[in-house]
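Enquirer: quick one: sequence and predicted model below, then my questions.
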Amino acid sequence: MIEKYQRLFQLDVYHSYFQKSICRCLEFNADSATEQLMKRFRFLIRRQINGIGLYVNASQPLKELLAYIEQATGQDAFCFEMRTNNPDFNFFTELPSNWVGQLLYDSSNTTVDNQNVQLNQQLSGNPGTNCLGKATLRFADILKFNKDEGSVSFDIKLMARATQWQYFIINRNTLQLYNLAISGKETINFEGPENVVMETGQNALLFSSGSKLIPLSEVPVYKFDLINRPASTDNRPVQPQIIIKGLPTPIPEWIGKVTGNAAEQLSSPMYVYL
């Protein structure tokens, strides 16, 4: 039945935390006013893995249809409430650390690039009672970007949170470690090791990415090894020894704060026991 319907617009969400940026953790539902409008004028939502499409079965031109709806109802936009099925969304999404509120998107505030219409993000200080945010798509903007009488596509783009990666190396077996380092194919130099005492009272060696903030990702992108570089003998280079191949990657909900920095930075602490 969907083939008989005309698509008014497509709304897609992209998030750099996910593989290929396909955001699978957000869903959109019509608010009460839009739901009533959809029932009255027989609109249909087609749900996809990273967004929705809105369809209508109408023989008249889109401009005339939307003008009639606005005249008959007083409504000039479709409004959708955003919800997430992932409790870690606020941890792995680039948002202010102490922010509590809603994500607002409005088709009157967009950036157009290569015919892609991106909805710009606004942060509301008012937390939603039952939703993460709202997307408002106005009739005038649907017509504005729908110049060829086809259907317009709106995009929402979210970025993964970037943190200072911290590796705490705890040597419980008193291994003889001469010159520990963290290596990887990526051009990221880790600072350290620094002798620290953790809150548990345990001694540890701390490696950190310092001022280099690394984005979190659902599927590991950055891979590092813990290596030991014994002292050379007879001026002959000694091949580094791999202590741990494939160090752990951050867990989104394990977020800390970097102390001693003028600018607030978030960290991803990871604990490695030898």
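Expert: Yep, that arrived.
Enquirer: neighbouring contacts of the longest strand belonging to the chain?
Expert: Counting by DSSP state E, the longest strand found in the chain is strand 102-113. Defining contact as Cβ atoms under 8 Å, 6 or more residues apart in numbering, one finds that strand 102-113 is touched by 77, 82, 117-124, 126-128, 131-138, 141-142, 145, 154, 156. From N, CA and C alone the C-beta is placed, and that goes for glycine too.
Enquirer: now do the SS call for R40.
Expert: Following DSSP: H, G, I helix; E, B strand; the rest coil, we place R40 in the helix state.
Enquirer: so how far is T73 from it?
Expert: With distances taken as Cβ to Cβ, to the nearest Å, R40 is found 8 Å from T73.
Enquirer: pLDDT below threshold where in the stretch 51-200 of the chain?
Expert: 127-129, 148-150, 174-175 (pLDDT under 70).
Enquirer: one more time with 90, if that's ok
Expert: 57-63, 96-101, 113-116, 124-131, 146-151, 171-180, 183-189, 192, 198-200 (pLDDT under 90).
Enquirer: and the strands in it?
Expert: 51-56, 77-84, 102-113, 116-124, 133-138, 152-158, 162-170, 180-183, 191-197 (DSSP state E, counting those that start in this stretch).
Enquirer: quick one: buried residues of the longest helix along the chain?
Expert: Criterion DSSP state H: the longest helix present in the chain is helix 62-73. For helix 62-73, burial by neighbour count (16 or more other Cβ atoms under 10 Å) applies to 62, 65-66, 69.
Enquirer: farthest-separated two in these?
Expert: Greatest spacing in the buried residues of helix 62-73, by Cβ to Cβ: L62 and I69 (10.6 Å).
Enquirer: mutual contacts of those two, please.
Expert: Listed contacts common to L62 and I69 are nil; contacts here mean Cβ under 8 Å, 6+ apart.
Enquirer: in the longest strand of the chain, which residues are buried?
Expert: Here strand 102-113 shows 102-107, 110 as buried, counting by 16+ other Cβ under 10 Å.
Enquirer: can you check stretch 210-217 too?
Expert: Applying a neighbour-count criterion of 16+ other Cβ under 10 Å, one finds 210, 213-217 buried in stretch 210-217.
Enquirer: and stretch 33-42, by the same measure?
Expert: For stretch 33-42, burial by neighbour count (16+ other Cβ under 10 Å) applies to 34, 37-38, 41.
Enquirer: avg pLDDT for that stretch?
Expert: In this model, stretch 33-42 has an average pLDDT of 94.
Enquirer: now swap in stretch 256-273 and tell me
Expert: Computed over stretch 256-273, the average pLDDT equals 82.
Enquirer: and if you look at stretch 210-224?
Expert: 93.
Enquirer: one step back: nearest to P230, of the buried residues of stretch 210-217?
Expert: Nearest to P230 out of these is G210 (Cβ to Cβ; 25.6 Å).
Enquirer: which SS class is that closest one?
Expert: The local conformation at G210, judged by three-state DSSP, is coil.
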